[in-house]
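Colleague: Sequence plus the predicted model coming up.
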Amino acid sequence: MTSIVRFHALSGAQNNDPLCYLLELDGCRILLDVGWNEDFNLEQLEQLKEVAPTVDAVLISHPDLLHLGAYPYAFAKLGLKCPVYATIPVENMGQLFMYDIHHARANQEDFDLFTLDDVDAAFAHITKVNYKQAVTIPGTGIQMSACAAGHMVGGSVWQITKDDENIVYAVDYNHRRERHLNSTAFDFLTRPYMLITNTLNARYNQEKRKVRDADLLASVLHTLRNNGDVLLVADTAGRSLELLQLLDQLWGQDAGRSVYPLVYLNNCAFSTLKCARTVTSFMWDAMQNLKDRDASSRAGNEDSLPFPLDHVQSAHTMDELKGIQGPKIILVAQSSLEAGFSRELFLQMANDAKNQVLFTTRPLAGSLGDTLLRQKAAGSIDPIIVPYKHRIKLQGEELATYRQAERERLEALKAEALALLQVEQELDAVEDGDAAGVGDDQAADGAPVEKKARRSASFFKTRTKQRSLMFNYAAPTQTWDDYGQPFDMEKIKVLEEANAIAMPVAEALVEEQAAQEAMATEVNEVLHDESPPTKVVEDRVEITPLCQVKYIDFEGLADGDAMLRILSHIRPRSLMLIHGDKDDTEFMSKAFEESATTAGFETRIETPKVGDVIDMTTDRNIFQVKLRDALVSQLKFRETGGYQIAWVDGVIQAAQDEDEGAADTKVLPELVTYEGLSEHHAVFVGDLMLSELRDVLQTHSITATFLKGTLICGDKIQVSRDSQGLLIDGPLCPEYYAVRDVVYSQFASA
């Protein structure tokens, strides 16, 4: 690949941390995912913080936190304002993921890393694309397109193409078709230049889907029939859709199971299901067929859409959940059990042996969920001290202090609003005075002026001049020509000048009015706020987890065997292994290297760590240098194949870093003119086929025919091709020079 390619692992390399990588292609910086964990540790964003303002484009592959969790924060706080590309479901579901986690955190702590307004602004900035829709980064020649990855609705394998060479970013894909998603397909890939993929599950072999479905059904029914509740832990709007489909189908197969409610408890439960019904084109083809079939049988009913989920009840609060009696299955998000409904319900259910906590995704390492699974795997039941943050209503002296502070804040708001209103009234008075002008008896400076005598005339005075019969107005004469009425440019100039003066004033008035309305709204909210004030308190609760704990894999990811088969089929020329712990990464690297050796092809394998910058440029004759403006202005550029080329004789010298404090900043070497050479041999850039040359010669009235692979021009000149290029043979004559000029014109010379 004749491009400069660098890969920078910002997060998620030789570990299972969130995914975030920087791909640099000929100076264009593309950010691959912007993930964050449920714990929102700012230290994980240190690498991203340094590069965010310089990024040219962002590609997001999946809608969960591991792939886009840091995007609202980076957009609002880190200067990540470049174009962002994602499929329609990734944008929609990703926004719901962020809504849900924000509500979960804000309900138990003073969460201020980002607001819901930040989430809305960030996702409104995303450019939504369909599968196989090509998008281009302007001025770079780089084209990008998304293909189905499975795993989650809208999940994408991104293909980045430049100069007929492609780089593929394929993480967290699923090679198996599921109930609502198609499998990923790599048939379109034929030995790409570079494949960036994860090693998660490299040493894991997944059981068949029927076995896992049966295991899930047996586990939940055993708990329900013993009058226990099942806490089914998944996510907000990704893998939970597959579980809802599965449970709804299982409950529909046996009417006796309907006595056990299926509850989808989520801050955005209704919006998630509504959104899922609008993106069926990104799901399995049968989902669309289901929609068409149900629409014909239940016309006019909203439930005829996909995801009818006849046996699933949606709940948004704990109060709604309390209204659903009896043993039940509760599907919640946040597998770490560190926030939200999952943590609150676990604290209520953990001490009862009849209940069950069933994980379908692996929790964050070191979290409460991870600790619980490790204890059960070790067969121990040890007490766990759990920090429990929650909000309580203010009472007594705290409530009085809060209300006093609110009254003072409200009075300050009123005072500020009155001051703004007074200023506005004074401005209006001044404007009205200017419009009315000065008095008849006063000059502009207020001094009295002498009144002029008025002449009186008789009412019956005879008119000596013809005047208008009704109004003293003469209509202007309109002039026309063959093209219509002439345009008066002077009036346009006057109008533009007036607009230039008036628009800033109008914009300032609009901003001032908006500020006043916002302030009035805030005051009104304070006056009519009926919700009691609360504060966050933290208790330490000791829990002995007597409940049943189990993990069943419903993550929807390819296992190690499938990943190795896919890599052996694709045969990338270079392979970048990311997002997997050190053991998984080393295992996949060795396994694929052996597979490549056996199959007889070579692949460059890289296993970067966080912070590593890997130079993936294959052509070592390519350099990236800095040119001074004085040098560029002297170059004579020629255009060929969409590129501008020029010849330069120069030497490379180290450039001095102007900023002494930026010692870690990479400084490009500088190319300066070399004075030792005064001329050079002509260089022809381009590729010309003899068949194309024949057509061009004929347009110049030069007959040209093929004879045994040689182009005969006229009766004296012949043009042939060898390993060196084109050869022009014949006597030096006018015909020879005419043919040579035509041939030269088809190349860019320097």
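Modeller: Happy to help now that I have it. Here the structure is a predicted model, which means the values were calculated and not measured.
Colleague: so who does residue 146 touch?
Modeller: The contact partners of residue 146, taken as C-beta atoms under 8 Å, 6 or more residues apart in numbering, are 85, 87, 129, 130, 131, 132, 133, 156, 157, 158, 159. Where C-beta positions appear, they are placed from N, C-alpha and C, glycine not excepted.
Colleague: which residues pair with it across the strands?
Modeller: Listed by DSSP bridges, the beta-bridge partners for residue 146 are residue 158.
Colleague: do the same with residue 312
Modeller: Residues in beta-bridge contact with residue 312 (DSSP bridges): residue 262.
Colleague: Surely it and residue 246 touch.
Modeller: No. Residue 312 is beyond contact range of residue 246, at 11.1 Å (criterion: C-beta atoms under 8 Å).
Colleague: on contacts alone, who are the packing partners of the strand or helix carrying residue 561?
Modeller: Assigned by DSSP states H and E, residue 561 belongs to helix 560-570. If contacts are counted by 3 or more C-beta pairs under 8 Å, 6 or more residues apart in numbering; DSSP states H and E, helix 560-570 sits against strand 194-198, helix 582-599.
Colleague: ranking these by burial, who's on top?
Modeller: Sort the helices and strands packed on helix 560-570 by mean neighbour count, taking mean count of other C-beta atoms under 10 Å, and strand 194-198 sits at the top with a mean of 25.
Colleague: Dead centre of this structure: give me the residue that sits there.
Modeller: Nearest to the geometric centre of the chain sits residue 84, at 3.9 Å (C-alpha atoms, centre = their mean).
Colleague: Check the secondary structure at the nearest residue to it once chain neighbours are set aside for me.
Modeller: Distance criterion C-beta to C-beta, 6 or more residues apart in numbering; nearest residue to residue 84, sequence neighbours excluded, is residue 58 at 4.3 Å. Secondary structure state of residue 58, per DSSP: H, G, I helix; E, B strand; the rest coil, is strand.
Colleague: From residue 243, how far off is residue 58?
Modeller: Distance of residue 58 to residue 243, computed by C-beta to C-beta, to the nearest Å: 29 Å.
Colleague: cool, residue 484 as well?
Modeller: 69 Å.
Colleague: between those two, which one's more packed in?
Modeller: residue 243 (20 against 7; other C-beta atoms under 10 Å).
Colleague: what about that one, which helix or strand?
Modeller: Going by DSSP H and E, residue 243 is part of helix 239-253.
Colleague: For that helix, name the packing helices and strands.
Modeller: Looks like helix 239-253 contacts helix 209-225, strand 262-265, helix 269-276, strand 312-315, strand 329-332 (3+ C-beta pairs under 8 Å, 6+ apart).
Colleague: Reformat these as JSON lines; add mean pLDDT.
Modeller: Below are these laid out as JSON lines (pLDDT from 0 to 100):
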{"stretch": "helix 209-225", "mean pLDDT": "95"}
{"stretch": "strand 262-265", "mean pLDDT": "96"}
{"stretch": "helix 269-276", "mean pLDDT": "91"}
{"stretch": "strand 312-315", "mean pLDDT": "94"}
{"stretch": "strand 329-332", "mean pLDDT": "97"}
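Colleague: out of these, nearest to residue 78?
Modeller: Among these, helix 269-276 comes nearest to residue 78, with 27.4 Å by C-beta to C-beta.
Colleague: List the contacts of residue 559.
Modeller: So residue 559 contacts 201, 204, 205, 206 (C-beta under 8 Å, 6+ apart).
Colleague: and stretch 78-94, what's its mean pLDDT?
Modeller: Regarding stretch 78-94, the rounded mean pLDDT is 95.
Colleague: Pull out the buried residues from that stretch.
Modeller: 78, 80, 82, 84-94 (16 or more other C-beta atoms under 10 Å).
Colleague: same thing with stretch 558-576?
Modeller: 558-560, 562-564, 566-568, 570-576.
Colleague: Of all pairs in those, which one spans the longest distance?
Modeller: 559 and 573 (25.1 Å).
Colleague: Under the pLDDT cut-off, which ranges of the stretch 351-500 of the chain? List them.
Modeller: For the stretch 351-500 of the chain, applying pLDDT under 70 flags the ranges 427-476, 487, 491, 498.
Colleague: coming back round to it: which members of the buried residues of stretch 78-94 occur in helices, if any?
Modeller: Secondary structure defined by DSSP state H assigns 88, 89, 90, 91, 92, 93, 94 of those to helices.
Colleague: export the residues you listed to JSON lines and tack on distance to residue 385?
Modeller: Listed next are these as JSON lines, based on distance: C-beta to C-beta, whole Å:
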{"residue": "88", "distance to residue 385": "44"}
{"residue": "89", "distance to residue 385": "40"}
{"residue": "90", "distance to residue 385": "38"}
{"residue": "91", "distance to residue 385": "40"}
{"residue": "92", "distance to residue 385": "39"}
{"residue": "93", "distance to residue 385": "35"}
{"residue": "94", "distance to residue 385": "34"}
